[in-house]
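Chemist: compute the structure for the input listed below.
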Amino acid sequence: MNIQLSLPRLGTLAEALREQEYPSAIQLSRTLIDKGFEATPKTVQGDITNLRDTFGIDILYHRGKDGYFISEEGKIASDEFLDFLGMSRVSDIIGQALQEQKEVSPYVNFENEGLWAGTRWLPTLVTAVKSHKWIGFDYRKFESDQTKHYSLMPLLLKQYQGRWYLIGQQQNGEDRTFGIDRIEELKIRDQGFTPPPGDPRDRFANVVGLDHSRGKVETVRFSCEPVQAQYIKTLPLHKSQRIIRDSTHETVFEVKVIPNYEFIQRILMLGAKVKVLQPKSLATEVYSHLIEAAKQYEQ
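Modeler: Numbering: from 1, shown residues only. Next comes the predicted model:
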């Protein structure tokens, strides 16, 4: 199945599984037909397998209710897939408008055009990850004008702050992360590989962003003034986030994370609107960063 062409169909199926209560294969096929897709109970079962194998969505069958459902663990993967699909839909709309030579700029405003860089590689990379095929590509770092060639076992595609990253492993067993916007001359090779044991997504379960290499999981508590708290409630810093105390004066949040570089950067971005309460070591580190930043404005 062509992944890029099947995305709308798979997205419709994933949404139906989230919205309907234990839908059967027949009900799901009717949903697809109503949305303009050709479908039978047999093709629906193939689509479900595709959602499981390609996008890691844990879809189970309930014999008593004679229907399918997404497990609690699978809901996270389904959310990520639907986010991915939403970005693809926007990209398709813009691409179609450009092909028809319509003026897009009066209706769509991007904060950073670079956020779309490299997304052309996504279908190829999804195919490589799914089929367990080695890839080769040239990579250009931000600090260099020169490209370097890499061979990689592609294991995972991860989105962070609007950019897509490729997570993989080199021949020597070293884990590597590459921004796909800096990939050039990507090729899927004939050589296959056996993925290392475990789910590659698990290494990011306790971190914000991409750096999962340092530290242990800690219980972090921070307080916010009421207005900023509303933003953090709707856009959590981490999936473990919960509210400890909520009042008209402040909201105290708790997350269980490895306080890596990206997490500290997210805290610093909030400036005076947030205060780290615990652990003391993290509060001290954030304080030190703020003092260093303030020194740059001293006369």
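
Chemist: Y61 touches I70, doesn't it?
Modeler: No. Using CB atoms under 8 Å, Y61 is not in contact with I70, being 11.4 Å away. (Each C-beta comes from the backbone N, C-alpha and C, glycine too.)

Chemist: so between the two, which is more surrounded?
Modeler: I70 (19 against 14; other CB atoms under 10 Å).

Chemist: overlap of the contact sets of Y61 and I70?
Modeler: Counting by CB atoms under 8 Å, 6 or more residues apart in numbering, no residue touches both Y61 and I70.

Chemist: surely P23 is within a helix?
Modeler: No. Counting by DSSP: H, G, I helix; E, B strand; the rest coil, P23 is not part of a helix but coil.

Chemist: run a quick neighbour tally on it.
Modeler: Using other CB under 10 Å: P23 sits among 21 other residues.

Chemist: any idea which helix or strand carries I244?
Modeler: strand 242-246 (DSSP states H and E).

Chemist: can you list the weak-confidence ranges in this structure?
Modeler: Scanning the chain with the threshold set as pLDDT under 70 gives 1-5, 86-118, 214, 299.

Chemist: just the CA coordinates for the one helix or strand Y231 maps to, please, in PDB.
Modeler: Counting by DSSP H and E, the element that carries Y231 is helix 226-234. Extracted C-alpha coordinates of helix 226-234, given in PDB (Å, rounded to 0.1, in the frame of the first residue of the first chain):
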ATOM      1  CA  PRO A 226      -3.300  32.400  36.300                       C
ATOM      2  CA  VAL A 227      -3.100  33.600  32.700                       C
ATOM      3  CA  GLN A 228       0.000  31.600  31.800                       C
ATOM      4  CA  ALA A 229      -1.500  28.600  33.600                       C
ATOM      5  CA  GLN A 230      -4.300  28.500  31.100                       C
ATOM      6  CA  TYR A 231      -1.900  28.100  28.200                       C
ATOM      7  CA  ILE A 232       0.000  25.300  30.000                       C
ATOM      8  CA  LYS A 233      -3.200  23.500  30.800                       C
ATOM      9  CA  THR A 234      -4.100  23.400  27.100                       C
END
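
Chemist: now that helix: buried residues?
Modeler: Q228, A229, I232 (16 or more other CB atoms under 10 Å).

Chemist: what is the subsequent helix or strand relative to the strand holding I244?
Modeler: Note on strand 242-246: by DSSP H and E, the next helix or strand toward the C-terminus is strand 251-257.

Chemist: ok and the helix or strand just after that next one relative to strand 251-257, angle-wise?
Modeler: Downstream of strand 251-257, the next assigned helix or strand under DSSP H and E is helix 261-269. Comparing the axes of helix 261-269 and strand 251-257 via axes from the mean of the first three to the mean of the last three CA atoms, to 10 degrees yields an angle of 170 degrees.

Chemist: in helix 261-269, what's buried?
Modeler: Quick answer for helix 261-269 (16+ other CB under 10 Å): E262, F263, I264, R266, I267.

Chemist: right, and out of these, which lies closest to D145?
Modeler: Minimum separation from D145 among these (CB to CB) is found for E262, which lies at 26.6 Å.

Chemist: tally of neighbours for the residue nearest to the closest one when sequence neighbours are not counted?
Modeler: Distances taken as CB to CB, 6 or more residues apart in numbering put G209 closest to E262, at 2.8 Å, once the chain neighbours are dropped. By the measure other CB under 10 Å, the count of residues near G209 is 16.

Chemist: pretty sure G209 contacts N260?
Modeler: Yes. With contact defined as CB under 8 Å, G209 reaches N260; the gap is 6.7 Å.
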